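*Asks:* predicted model and sequence below, questions to follow.
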Amino acid sequence: MPLDLTPALCLPEDGCAGTLIGRVWVPGEGPAVVALRDDQVFDLGRAAPTVAALLNGDDPVRTVRNAAFERPIGTAATILANSDASRREPGRPWFLAPIDLQAVKAAGVTFIASLLERVVEEQSRGDPARAVEIRRSLGEEIGGDLGAVRPGSAEAARLKEALQKRAMWSQYLEVGIGPDAEIFTKCQPLASVGVGADIGLHPASVWNNPEPEIVLAVNASGHIVGASLGNDVNLRDFEGRSALLLSKAKDNNGSSAIGPFLRLFDDTFSLDDVRRTEVALEVRGPEGYVLTGRSSLAMISRDPADLVGQAIGPAHQYPDGFVLYLGTMFAPIEDRDEPGQGFTHKVGDIVTIASPKLGVLRNRVGTSDRIARWEFGAVALMHNLAGRGLL
């Protein structure tokens, strides 16, 4: 099935009214930092050779608005259409993930609904067949206790003590309602894929799911400067076997998707808009299966600014800035095939993640060993920019 990537689908509901930036692969040249204006895509290379440099500047929005839009790369329509990996013409431009040298971090267990599913994974040891009974017993034991608990509060400490006495405490509950958030490295800089790219599952995984999320862009000073959509592709079986397999569950080729664009904070879009955001998910399978769901940032248990503050500070710096997946409340549990087996991806699934002010991120599911290899890293980027006279 084609991905049908069009401006009508992928752009925010207010089109190019906001400050939208991205990255485009220009054949014969390499990656270009771009801005969208009136459906045209313009090269910002002279003003900002990398997204990291742009976001670490004094005023990224002003830099974009003052840049001389002298070099159009193409229309959003033609570049989006060519971003579908299954139909791409390699001699024409396509969109990449809208970040480059930033660290890619993720916050885990930030919604109560997904918190309970992490405990299910842990107690089932990654076996989906055991999940139904464990989910029922957990709901009876602790489901009603968690919804109103503020992480790190005295009430959370009392609940922890009570659950420990009932032998129900979990490492996931620790980061879900304890004082310290789970912040982990999702993937390396430049490893994220953009709209239209194939996303990857480890070929040994039999229980996995998409995680539709908001991704914040944070500069080196810790200021949140914009947001995008993301898919924190997750392997439930790997992490369920052992939390020490988190890196294998989370960091595989094509397992981090971000896009389609990065919307900078300006007079049309702010952190408060992020706090009010609803993220919609659709998974459409090659056999006709359809799964839908929604995740509301209003239900997050830790404020986005608090999560950013736990990621950067006196003890941890990011000189190139970082992006932060904020987590999801969406953990699909309905059966796709056999009763009691729950949801898992199939190769060929089309995953659509949407939000009114951020647009639509759409990707097709493959396995990490068969989709396009990641071969353009930081050294290649530096050589490329130097060769183009942009450093």
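*Replies:* Good, I have the coordinates.
*Asks:* who touches the residue nearest to residue 350 when sequence neighbours are not counted in this structure?
*Replies:* Using Cβ to Cβ, 6 or more residues apart in numbering and skipping the chain neighbours, the partner closest in space to residue 350 is residue 284 (4.7 Å). To be clear about C-beta, it is placed using only N, CA and C from the backbone, and glycine gets the same treatment. Shown in contact with residue 284 (Cβ atoms under 8 Å, 6 or more residues apart in numbering): 1, 290, 349, 350, 352.
*Asks:* check the gap between the closest residue to the first one other than its chain neighbours and residue 2 for me.
*Replies:* Of all residues beyond its chain neighbours, the one nearest residue 1 is residue 350 (6.2 Å), with distances taken as Cβ to Cβ, 6+ apart. Between residue 350 and residue 2 the computed distance is 9 Å (Cβ to Cβ, to the nearest Å).
*Asks:* so the two - more neighbours on which side?
*Replies:* Using other Cβ atoms under 10 Å as the criterion, residue 350 and residue 2 rank with residue 350 on top: 17 against 10.
*Asks:* what segments of the stretch 1-150 of the chain are strands?
*Replies:* Residue ranges of the strands in the stretch 1-150 of the chain, as given by DSSP state E, counting those that start in this stretch, are 19-26, 30-37, 40-43, 72-75, 94-96, 103-108.
*Asks:* out of those strands, which gets nearest to residue 390?
*Replies:* Closest of these to residue 390 is strand 30-37, at 9.4 Å (criterion: Cβ to Cβ).
*Asks:* convert the C-alpha atoms of the closest one to PDB, please.
*Replies:* Backbone C-alpha positions of strand 30-37 (Å, rounded to 0.1, in the frame of the first residue of the first chain) are rendered in PDB as follows:
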ATOM      1  CA  GLY A  30      23.500  15.700   1.100                       C
ATOM      2  CA  PRO A  31      21.300  16.800   4.000                       C
ATOM      3  CA  ALA A  32      19.900  20.300   4.000                       C
ATOM      4  CA  VAL A  33      18.200  22.200   6.800                       C
ATOM      5  CA  VAL A  34      15.000  23.600   5.400                       C
ATOM      6  CA  ALA A  35      12.000  25.800   6.200                       C
ATOM      7  CA  LEU A  36       8.500  25.500   4.800                       C
ATOM      8  CA  ARG A  37       6.700  28.600   3.600                       C
END
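*Asks:* who touches it?
*Replies:* 11, 16, 19-26, 41-45, 48-51, 54, 64, 67, 69, 73, 76, 96, 100, 261, 376, 381, 384-385, 388.
*Asks:* could you tell me which of those count as buried?
*Replies:* Applying a neighbour-count criterion of 16 or more other Cβ atoms under 10 Å, the buried members of those are 11, 16, 19-26, 41-45, 48-51, 54, 64, 67, 69, 73, 76, 96, 100, 261, 381, 384-385.
*Asks:* if we can go back for a sec, tell me the confidence at the residue nearest to residue 350?
*Replies:* Looking at residue 284, its pLDDT is 97.
*Asks:* for it, name its beta-bridge partners.
*Replies:* residue 290, residue 350 (DSSP bridges).
*Asks:* against residue 311, how distant is it?
*Replies:* 33 Å.
*Asks:* swap in residue 250?
*Replies:* From residue 250 over to residue 311 the distance is 16 Å, taken as Cβ to Cβ.
*Asks:* what sits against the residue nearest to residue 1?
*Replies:* Residue 350 neighbours (Cβ under 8 Å, 6+ apart): 1, 3, 283, 284, 362, 363, 364, 365.
*Asks:* let's see the PyMOL selection covering just the buried ones among these.
*Replies:* One line in PyMOL is enough to select the buried ones among the contacts of residue 350; burial here means 16+ other Cβ under 10 Å:
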select buried, resi 3+283+284+362+363+364+365
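*Asks:* now the contacts of residue 350 as TSV including distance to residue 203?
*Replies:* Formatted as TSV, these follow (distance: Cβ to Cβ, whole Å):
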residue	distance to residue 203
1	22
3	22
283	19
284	22
362	23
363	17
364	16
365	12
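*Asks:* now the two most distant members of the contacts of residue 350.
*Replies:* Largest separation among the contacts of residue 350 by Cβ to Cβ: 3 and 283, giving 13.5 Å.
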